[in-house]
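Q: everything below, folded, please.
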Amino acid sequence: MDTKIDTIRFVDLLEEADLEKSQFNGQVAYLTRDLLLAVGENPEREGLQRTPERVARMYEELLAGYRTDPVALVNGAIFESDYKNIVLVRDIEFYSLCEHHMLPFTGKAHVAYIPDGKIIGLSKIPRLVEMYARRLQVQERMTQQIAEALEEILRPRGVAVMVEGAHMCAMMRGVKQAEANMVTSAMLGAFESDPKLREEYLSHLQRGKNGIL
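A: Modelled structure (predicted):
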C-alpha cells in the first residue's frame, strides 16, 4: 500500500464527512426555525436564537447510527476461542427515536450468543446496540437488526436478543400510559431451535433482575 496515497485519501474522507455534517446541520437548523415559526414562536427571541443550531447538533448525535460502519465498529475485535457456552451482555442502556412521532424511547437490551470457535470483544456488543438505536426506529425492527448483525459478524451457533423499552409516544400523548413497557425478542440459530437454551437464557435474565449473578 502507498502510504502517501492512503493518507491523502484519508484526508479527503475527513473533508467529505465535515462537508456532509455541515450540510446536515444547516438543513436541520433551517427547518427547525420554520417549525418554531409554525407553532407561533419567535425564533429571534433570546431563548430561541441558538435553538435551531442546538437541535441540529442534537439530531446529528441521536441519528449517528446511519453513519456508523459496522466493520469499523468491530475493528477486528474477533478472537479465536473454544468456549462453547452462553455469552450474555445484560442491561445495555439505549436511547432511540420512534420513527412514527420522533419521540424518544429508552430502555435496556440483553444480548447473548453461543460461540462457534470465535468470540467478540465485550465493548462491541453495546456499540452494536447503540448503532441501531441511534436511528429512527421501531423497537421490533431494532431488536431483529441487532440479532442479525451479530449473527453476520460472528457466525455463532445462536443469538438471542431481548429489548425492554419505555416509549414517550405512549407516555406523553395518546393513551398516556406512563408505566407501560414494551418487550421484544429475537432468537436465531440454536436459541430458536433448542427450548433448553432459550430457558437458560431467560433464567440468566431473571436471576439478574433478582440481583443474583
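
Q: contacts only, for the closest residue to Gly26 other than its chain neighbours.
A: In space, and not counting its chain neighbours, Gly26 is closest to Ala56: 7.5 Å by C-beta to C-beta, 6 or more residues apart in numbering. (C-beta placed from N, C-alpha, C; glycine too.) By C-beta atoms under 8 Å, 6 or more residues apart in numbering, the residues touching Ala56 are Phe24, Asn25, Gly26, Val28, Ala29, Thr32.

Q: any idea which element Glu60 lies in?
A: helix 51-62 (DSSP states H and E).

Q: report the buried residues of that helix.
A: Of the residues in helix 51-62, Thr51, Pro52, Val55, Ala56, Tyr59, Leu62 count as buried by neighbour count, 16 or more other C-beta atoms under 10 Å.

Q: what's the answer for stretch 123-141, then?
A: 124-135, 137, 139.

Q: circling back: can I get the buried residues of helix 51-62 in a markdown table with distance to Arg173?
A: Output for the buried residues of helix 51-62, formatted as a markdown table (distance: C-beta to C-beta, whole Å):
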| residue | distance to Arg173 |
| --- | --- |
| Thr51 | 22 |
| Pro52 | 24 |
| Val55 | 20 |
| Ala56 | 24 |
| Tyr59 | 20 |
| Leu62 | 19 |
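
Q: which stretches of the protein have low pLDDT?
A: Within the chain, the ranges that satisfy pLDDT under 70 run 1-19, 208-213.

Q: quick one: buried ones out of the contacts of Ala56?
A: Asn25, Val28, Ala29, Thr32.

Q: wait, which of the residues you listed is closest to Glu148?
A: The shortest distance between Glu148 and any of these, using C-beta to C-beta, involves Val28 and amounts to 29.7 Å.

Q: and for that closest one, nearest residue in space, chain neighbours not counted?
A: Ala56 (3.9 Å).

Q: now swap in Ala180 and tell me
A: Ala170 (5.9 Å).

Q: for Ala178, same thing?
A: Nearest to Ala178 is Met171, by C-beta to C-beta, 6+ apart, at 4.9 Å.

Q: rewinding a little: quick one: which of the buried ones among the contacts of Ala56 is nearest to Ala109?
A: Val28 (27.5 Å).

Q: a helix runs through that closest one, doesn't it?
A: Yes: counting by DSSP: H, G, I helix; E, B strand; the rest coil, Val28 is located in a helix.

Q: let's number from 31 now, not from 1
A: From this message on, residue numbering opens at 31, which makes the last subject Val58.

Q: OK, contacts around it?
A: Neighbours of Val58 in contact, by C-beta under 8 Å, 6+ apart: Pro82, Val85, Ala86, Tyr89, Glu90.
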